[in-house]
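S.K.: Provide a 3D model corresponding to the input given below.
(2 chains)
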Amino acid sequence: MARNQELFEAVQNGDRKLVGDLVQQEIDRGTDPANVLDESLIPAMGDIGQKFSRGEIYVPGMLVAARAMQAGLDTIEPLLAQAGHKPRAKIAIGTVKGDLHDIGKNLVAIMLKGAGFQVEDLGVDCSVERFEEAVAGGAEILCLSALLTTTMSYMRDVISHFQGRNDVRFVVGGAPVTPRYAQEIGAHAYGEDANDAVRAVEECLQ
Amino acid sequence: MTSREWNELCSGGPVLLDGAWGTQLQERGLAVGEAPEAWNVTHPEKVQEVAAAYVEAGSQIVLTNSFGGNRITLGGHGLGDRAREINESAARLSREAAGTKAWVFGSIGPSGKMIMTGEVTEEQLRAAFEQQAQALQAGGVDGLVIETMAALDEACAAVRAAVSTGLPVVACMVYDSGPDADRTMMGVSPAEAAEALGEAGAWALGANCGQAPAGFVSVCKQYREASDLPLWMKPNAGAPEMVNETPVYRVAPEEFARAAAPLWEAGATFVGGCCGTGPAFIASLREVKPGYTGR
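M.R.: Numbers count the residues shown, from 1 in each chain, chains lettered A, B, ... in the order given. I've put the predicted structure just below:
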């Protein structure tokens, strides 16, 4: 199946009802649910992410699109699970210890889900132990977030803790974090914004 | 502060505000992850030192150490039920430090939750901000300033809660998004903010944080075109660079002052600093303030 343009646009317009209906129509027609996801839903969110990065849309536009995509996922996910379809990768995301900011981290989690990843949101104020648990639970990539210049140094502590282990990779981001700082503390990739974080995660998986 | 005193302040020429608080408290030992507002009760003398340093530097209005003092944000630190005491103390400390030399405006920052995602309701926000505003008033503030708001629904809830005290209320958004960095993260433009915040009852409009002074000039002009209300501008000292895990702001106080002074010409009444600025920045800004005569 090629992209269902109507579905693609319904996600972008945040039309939950229409997304739900169109996904059901595709399923009823016998389309492979994985194709609906890969050809229409994920590209719609990917394009929303690009528009966000270019400053053409803002957070509310991203949130309504993600919510509409979720209406489609509610139908598709059980079918994918039944068919034994594996998600792209398991990712855990959290704001580091000492930092209670969660809006940016939540946006990244939303965009990662929109890109088809399985995302575990660890919340805010996450200790090394919390990230360790996530890795033990199968997370292949840890996304670390910090909004404060005072808490970003805890990212280094987390990454140092896992030094020498090749079962996990790190993506870092947050307002005060720079590509240079990410490199300095040994992160594998840096995400500039919620959209770029998806690219950074994909880069880690290559 | 009476409305007459407010009008006199606004018509009496450019007014110098204060600078950042968090970094000042960190210099005095505030630990990473600790709620700065907790210091109003645990380290009152240190908090008062910050207010006094700004008064000394020439601030005509100093704020209070209550940015994250709403009970929702304090709740994240397990201090939600101490909101009243913490805010009252914040107000008292700045009030004592200011004496008759400066006005004190109570700082009210965002909750960190979004109405849009259903994490919090407008009613919960209004109640939390109302409690904070009343506690700041009980502690003796002369006015209130809503700061660093990205979402209009939350900003308006805070403004409505604040104006219910009868005190002058300044409403500030944070502009850091869009191709020209003149939108908030939620896409709000200065013109949209001016309309909604004015309607909610704000006495003055403003912008704080998000970017260095240069980007504030356009925001200031857009507000001026959209509204006749007095304008309040608190830019950052640029972006920090990390050196040995310590944020270093490369902008010197004089450089900041030169970049921020045009805001007065662009129509602002009130100018001060946000992240990365300190008393030295305010002292420098004072020297370039229109009409400064060296006293």
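S.K.: burial measure for whichever residue of the stretch 51-200 of chain B sits closest to chain A, as a count.
M.R.: Here the stretch 51-200 of chain B gets closest to chain A at one residue, residue B:187, 3.0 Å apart by C-beta to the nearest C-beta. Where you see a C-beta, it was placed from the backbone N, CA and C, and this is true even at glycine. By other C-beta atoms under 10 Å in any protein chain shown, 18 other residues sit near residue B:187.
S.K.: which SS state does it fall under?
M.R.: Going by DSSP: H, G, I helix; E, B strand; the rest coil, the secondary structure assigned to residue B:187 is coil.
S.K.: quick one: it and residue B:179 touch, right?
M.R.: No: taking contacts as C-beta atoms under 8 Å, residue B:187 lies outside contact range of residue B:179: 11.9 Å.
S.K.: gap between the two ends of stretch A:129-144?
M.R.: End-to-end distance of stretch A:129-144 (C-alpha to C-alpha, to the nearest Å): 14 Å.
S.K.: which of the residues in that stretch are buried?
M.R.: A:130-131, A:134-135, A:139-144 (16 or more other C-beta atoms under 10 Å in any protein chain shown).
S.K.: what do you get for stretch B:88-98?
M.R.: For stretch B:88-98, by 16+ other C-beta under 10 Å, it's B:88-95, B:97-98.
S.K.: check stretch A:45-62 too.
M.R.: For stretch A:45-62, the neighbour count (16+ other C-beta under 10 Å) marks A:45-46, A:48-49, A:51-52, A:57-62 as buried.
S.K.: that one and chain B in contact?
M.R.: Yes: contact of stretch A:45-62 with chain B (C-beta under 8 Å from any C-beta of the partner chain) involves A:54-55, A:57-61.
S.K.: so residue B:181 lies in a strand, does it not?
M.R.: No: counting by three-state DSSP, residue B:181 is not part of a strand but coil.
S.K.: right, and it touches residue B:211 too?
M.R.: Yes: assessed by C-beta under 8 Å, residue B:181 is found in contact with residue B:211 at 5.8 Å.
S.K.: which neighbours do these two share?
M.R.: Counting by C-beta atoms under 8 Å, 6 or more residues apart in numbering or on different chains, the residues touching both residue B:181 and residue B:211 are residue B:175.
S.K.: which positions in chain A make contact with chain B?
M.R.: Near chain B, when you scan chain A using C-beta under 8 Å from any C-beta, you find A:54-55, A:57-61, A:63, A:97-103, A:106, A:124-125, A:148-154, A:156, A:176, A:178, A:181, A:184.
S.K.: where does the residue nearest to residue B:133 when sequence neighbours are not counted fall, secondary structure wise?
M.R.: In space, and not counting its chain neighbours, residue B:133 is closest to residue B:162: 4.7 Å by C-beta to C-beta, 6 or more residues apart in numbering or on different chains. Assigned by DSSP states H and E, residue B:162 belongs to helix B:152-163.
S.K.: who's in contact with stretch A:34-45?
M.R.: Taking C-beta under 8 Å, 6+ apart as the rule, stretch A:34-45 contacts A:1-4, A:7-9, A:11-12, A:23, A:26-27, A:65-66, A:69, A:72-73, A:76, A:80, A:83, A:85, A:111, A:114-116.
S.K.: closest one of the buried residues of stretch A:45-62 to chain B?
M.R.: Of all those, residue A:58 has the smallest distance to chain B: 3.0 Å, by C-beta to the nearest C-beta.
S.K.: show me what contacts the closest one?
M.R.: Taking C-beta under 8 Å, 6+ apart as the test, what residue A:58 contacts is A:52, B:177-178, B:183-187.
S.K.: what about 7 Å?
M.R.: With contact set as C-beta atoms under 7 Å, 6 or more residues apart in numbering or on different chains, residue A:58 has these partners: B:177, B:183, B:185-187.
S.K.: tell me which element the residue most central in space within chain A falls in.
M.R.: Geometric centre of chain A, nearest residue: residue A:112, 1.3 Å, by C-alpha atoms, centre = their mean. Using DSSP H and E, the element containing residue A:112 is helix A:103-114.
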